[in-house]
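J.: Here's my sequence, what's the structure:
(2 chains)
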Amino acid sequence: EADIYQTPRYLVIGTGKKITLECSQTMGHDKMYWYQQDPGMELHLIHYSYGVNSTEKGDLSSESTVSRIRTEHFPLTLESARPSHTSQYLCASSESDRMNEKLFFGSGTQLSVL
Amino acid sequence: AQKVTQAQTEISVVEKEDVTLDCVYETRDTTYYLFWYKQPPSGELVFLIRRNSFDEQNEISGRYSWNFQKSTSSFNFTITASQVVDSAVYFCALSPHGRGANNLFFGTGTRLTVIP
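T.: Residues are numbered from 1 along each chain as shown, chains lettered A, B, ... in the order given. Sure thing, here's the model as predicted:
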């Protein structure tokens, strides 16, 4: 089924720390996405990529940044974490040659910034 | 503007009961796609179904069925004879035709708890 992995599963850090959330997929999908999910709220797209060296911001403004140097890898970085960044971060990918396609999700990283 | 409303925040049912999760959407597009995803406690969202706006036939897959009605802009999801494994958060989503998944609009989800 889905082969998309996120690490760490849970992360608790102090304010001001730099963090990187990892996301990797083995399905060869060109399209990858980062969503932010807060309790009782809809998923909001914060970043997406159509392929290597392609990154775009989503509809929700985020202080995080992403990179796409390899097809299978789409890490998200926060240079200086703050309590307002506390949230669930979900990575996803989709097949390259289709529109309105379904997404494959990772298990998410629950980030808590103290 | 695109919007998906899942008015039921939480639902609890006893095992073997039937349960319907409501989804109402808003869009000005004449062609669009609707989705349901399941998010179990493990965290990852799992795709359940995709329907395009021209296909109003109801769909059944095992204990799951979906009722799509354009007249009321609804895409409701029914689980028959619910089981504990159905406990999860369920998300309805909308995507305008011809757009990538970066144009996918989610509802706020319905948390279903099935009590043994």
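
J.: Start and end of stretch A:100-108, how far apart?
T.: 22 Å (C-alpha to C-alpha, to the nearest Å).

J.: can you tell me if that stretch touches chain B.
T.: Yes. When contact is scored as C-beta under 8 Å from any C-beta of the partner chain, part of stretch A:100-108 falls within range of chain B: A:100, A:101, A:102, A:103, A:104, A:105, A:106, A:107, A:108. C-betas here are computed from N, CA, C, even on glycine.

J.: Might you calculate how far the helix or strand of chain B with the lowest mean pLDDT sits from the centre of the chain?
T.: When each helix and strand of chain B is scored by mean pLDDT, DSSP states H and E, strand B:59-61 comes last, with a mean of 90. Chain-centre distance of strand B:59-61: 13 Å, with C-alpha atoms, centre = their mean, to the nearest Å.

J.: which residues does the spatially most central residue of chain A bridge with?
T.: Nearest residue to the geometric centre of chain A (C-alpha atoms, centre = their mean): residue A:34, 3.0 Å. On the basis of DSSP bridges, residue A:34 is bridged to residue A:47, residue A:91.

J.: Would you mind listing the residues in contact with it?
T.: Applying C-beta atoms under 8 Å, 6 or more residues apart in numbering or on different chains, we find residue A:34 in contact with A:23, A:45-48, A:58, A:64, A:66, A:74, A:76, A:89-92.

J.: Also residue A:52?
T.: Residue A:52 makes contact with A:68, A:69, A:70, A:71 under the criterion C-beta under 8 Å, 6+ apart.
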